[in-house]
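Trainee: below: sequence and its predicted model.
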Amino acid sequence: MKTALVTGASRGIGSAVAVALAQMGYAVVINYMKSKDRAENLAKVITDSYKTPALALQCDVSDSQQVAKMFSTIKENFGGVDVLVNNAGVSSQKMLTDISVEEWKKTIGVNLDGAFYCSKEALPYMISKKQGSIINISSMWGQVGASCEVHYSTAKAGLIGFTKALAKEVALSNIRVNAVAPGVVMTDMMSSFDENTVAELKEETPLQRLGTPKNIADAVAFLVSDKAEFITGQVLGVNGGFII
Ligand code: NAP
């Protein structure tokens with residue numbers, strides 16, 4: 001049985017991705033930071049509903065030592081990961097001049113450094129098996145830049161560069177690396193936006209609706225699947241046409 005690790009899978013998009021991968025038959029490692037109950041509940045639902053192993057593991061992906069520890073637990077339980085979805089993310093909205101050094105470091109740390117640490121730990125096993133798939137959850141704001149989110153846009157743009165460069169580096173080992181760049185998706189991450197702003201974002205989206213976590217999970221499932229066996233180094237926009 002193949003194993004998938006989804007970082008930040010206790011809520012929102014990551015949680016939907018974990019379910020989609022369980023439906024594809026993967027054993028799933030559900031990484032979380034604070035939401036222990038939600039992660040453990042999701043593991044139970046996956047085990048009961050899809051009859052596939054699921055394990056919730058606490059780890060701050062911005063801390064390389066915690067990531068190394070999480071991977072040694074994964075090694076003991078599953079051998080390694082065949083699919084890595086770097087999904088964990090944080091965001092906040094403020095002018096560049098108001099971003100503290102700590103907030104800058106945290107945003108880059110979770111969204112970008114976390115993908116580096118997890119990929120570095122995941123790759124030796126994938127290389128030894130000559131197969132694997134890494135999906136990085138970027139954002140349309142990493143593609144075009146968002147005002148008042150310079151730290152977030154920088155991290156998400158970094159993930160796109162990371163995806164393209166790593167895809168070239170590991171292709172000879174039959175490992176594919178792709179990114180998904182969501183548009184506006186209704187999750188806790190959007191909770192700081194007021195009703196009017198959300199309505200405006202909806203109106204600005206050509207398809208006239210907001211994305212769901214399942215929309216993003218379906219794109220991840222496609223990229224992981226054999227149907228995408230010739231796709232690597234790409235950024236798949238899942239944004240209702242918000243940026244084209
Ligand atoms: P969310 O609902 O806020 O969930 C964030 C997830 O990340 C949670 O599971 C959280 O875990 C986890 N997390 C936060 N810090 C972490 C850390 N240091 N280590 C490990 N896990 C951590 O966000 P979402 O909307 O689902 O976003 C998922 C991804 O999609 C993010 O990378 C985000 O940037 C990207 N994205 C979202 C949107 C959108 O509109 N929602 C658009 C574009 C891109 P705990 O709850 O356990 O702390």
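Mentor: Now that the structure is in, tell me what you want to look at.
Trainee: which positions in the helix-or-strand element of the chain with minimal mean pLDDT come out as buried?
Mentor: The helix or strand of the chain with the poorest confidence is helix 195-204; it has a mean of 95 (mean pLDDT, DSSP states H and E). Within helix 195-204, the residues scored as buried using 16 or more other C-beta atoms under 10 Å are residue 201. Just so you know, the C-beta spots here come from the backbone N, C-alpha and C atoms, and that holds for glycine as well.
Trainee: average pLDDT across whichever helix or strand comes after that helix?
Mentor: As assigned by DSSP states H and E, the chain's next helix or strand after helix 195-204 is helix 213-224. For helix 213-224, mean pLDDT rounds to 98.
Trainee: what is the least confident helix or strand of the chain packed up against?
Mentor: Where contact means 3 or more C-beta pairs under 8 Å, 6 or more residues apart in numbering; DSSP states H and E, helix 195-204 is not packed against any helix or strand.
Trainee: so how far is it off the chain centroid?
Mentor: Remark: helix 195-204 is offset 24 Å from the chain centroid, using C-alpha atoms, centre = their mean, to the nearest Å.
Trainee: when you scan stretch 66-86, is anything in it near the ligand?
Mentor: No - if you take C-beta under 6 Å from any ligand atom as the test, stretch 66-86 misses the ligand, and the best it gets is 7.9 Å.
Trainee: what does the least confident helix or strand of the chain contact?
Mentor: For helix 195-204, contacts defined as C-beta atoms under 8 Å, 6 or more residues apart in numbering pick out 184, 186, 190, 193, 208-210, 242.
Trainee: the same query, at a cut-off of 6 Å, please.
Mentor: Contacts with helix 195-204, where a contact means C-beta atoms under 6 Å, 6 or more residues apart in numbering, come from 184, 210.
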